[in-house]
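the amino acid sequence is not available; the structure is as follows:
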């Protein structure tokens with residue numbers, strides 16, 4: 001079997017695209033997850049944080065059964081998924097496309113929403129402006 005197995009149908013605490021990696025001794029497949037949550041409390045002016053770590057280990061025999069049952073798939077080194085075998089997409093090209101689309105929509109709000117109440121126009125303008133700000137920031141992260 002492959003060194004990496006990918007979840008294609010959720011089971012237990014495992015979600016689609018989670019992975020299991022064969023241990024160095026070859027006796028088990030292991031999945032490790034770490035999730036963190038951060039929130040600020042304005043009234044106390046303090047940050048709240050929490051973290052959750054999970055470790056899920058299965059035997060190769062169980063892994064084989066989960067593959068046969070349609071919960072896991074083997075991942076080859078060059079293809080990340082048999083079901084999502086799509087071409088490479090550069091995220092920054094997608095950001096540029098979305099920015100152009102949202103800017104065009106923002107500039108045409110008065111035409112496209114001519115018969116809409118003013119509050120809906122203001123709301124749509126605010127949403128589009130915020131999306132444009134986020135995408136513009138993300139675009140600056142290019143190395």
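In hand now; what should we look at? It should be emphasised that the depicted structure is a prediction, and the values quoted were computed from it without experimental measurement.

tally of neighbours for residue 142?
If you count neighbours by other CB atoms under 10 Å, residue 142 ends up with 9. C-betas here are computed from N, CA, C, even on glycine.

how far does stretch 15-23 sit from its chain's centre?
15 Å (CA atoms, centre = their mean, to the nearest Å).

how far does it stretch from start to finish?
20 Å (CA to CA, to the nearest Å).

buried ones in that stretch?
Within stretch 15-23, the residues scored as buried using 16 or more other CB atoms under 10 Å are 18-20, 22.

who's in contact with stretch 55-70?
By CB atoms under 8 Å, 6 or more residues apart in numbering, the list of residues contacting stretch 55-70 from outside reads 1, 5, 8-9, 11-14, 20, 22, 26-33, 72-74.

cutoff 7 Å now
1, 5, 8-9, 13-14, 20, 28-32, 72-74 (CB atoms under 7 Å, 6 or more residues apart in numbering).
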